[in-house]
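Visitor: Any chance you can model this:
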Amino acid sequence: METPGELTRVATRRRRGASHNLRKATFQVDEGVLQAVRSLVEQGETPSANAFVEDALRLKLREVARARLYAAYEEASQDPEFLADMEATTRVFDATTGDGLAGEAE
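Guide: The predicted model follows:
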């Protein structure tokens, strides 16, 4: 997994290299969080508060998408029709991938 600094560098390169539809947005955050972000900017660990916030939002969006995907996997693992279809597909591939291998190994 990338560190926040690595993500910021990647996001900054993307912003510079492509035209983005950047929009101003106003959010309220805890004063301590704001100070921590400003401190990171001052220490040179992120190019700007905007870059840091965008990276943090992207990370959270990725986390939410991953959680949704895993929930769908869990739901599918309980679905008898899906499991039967997967079993049938596996049998077809087993027959196909095993075709002719015994003669080639000799």
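
Visitor: Does anything pack onto whatever helix or strand residue 73 lives in? Which helices or strands?
Guide: Under the criterion of DSSP states H and E, residue 73 resides in helix 49-77. When contacts are defined as 3 or more C-beta pairs under 8 Å, 6 or more residues apart in numbering; DSSP states H and E, helix 49-77 packs onto helix 4-17, helix 31-42, helix 80-98. For every residue, glycine as well, the C-beta is placed using N, CA and C.

Visitor: Now do the contacts for residue 79.
Guide: Listed by C-beta atoms under 8 Å, 6 or more residues apart in numbering, residue 79 has no contact partners.

Visitor: Return the backbone torsion pair for it.
Guide: phi -90, psi 110 (degrees, to the nearest 10).

Visitor: how close does it get to residue 86?
Guide: Residue 79 is 10 Å from residue 86, where distance means C-beta to C-beta, to the nearest Å.

Visitor: One more: residue 34?
Guide: Residue 34 is 49 Å from residue 86, by C-beta to C-beta.

Visitor: Now do the helix holding residue 73 against helix 31-42, angle only.
Guide: 110 degrees (axes from the mean of the first three to the mean of the last three C-alpha atoms, to 10 degrees).

Visitor: which parts of helix 49-77 are buried?
Guide: Judged by neighbour count using 16 or more other C-beta atoms under 10 Å, the buried positions of helix 49-77 are 50-56.

Visitor: Count the residues that sit near residue 85.
Guide: Neighbours of residue 85 under the rule other C-beta atoms under 10 Å: 12.

Visitor: That one and residue 78, how far apart?
Guide: For residue 85, the distance to residue 78 - C-beta to C-beta - is 14 Å.

Visitor: And for residue 94?
Guide: 24 Å.

Visitor: now residue 46
Guide: For residue 46 relative to residue 78 (C-beta to C-beta), the value is 42 Å.
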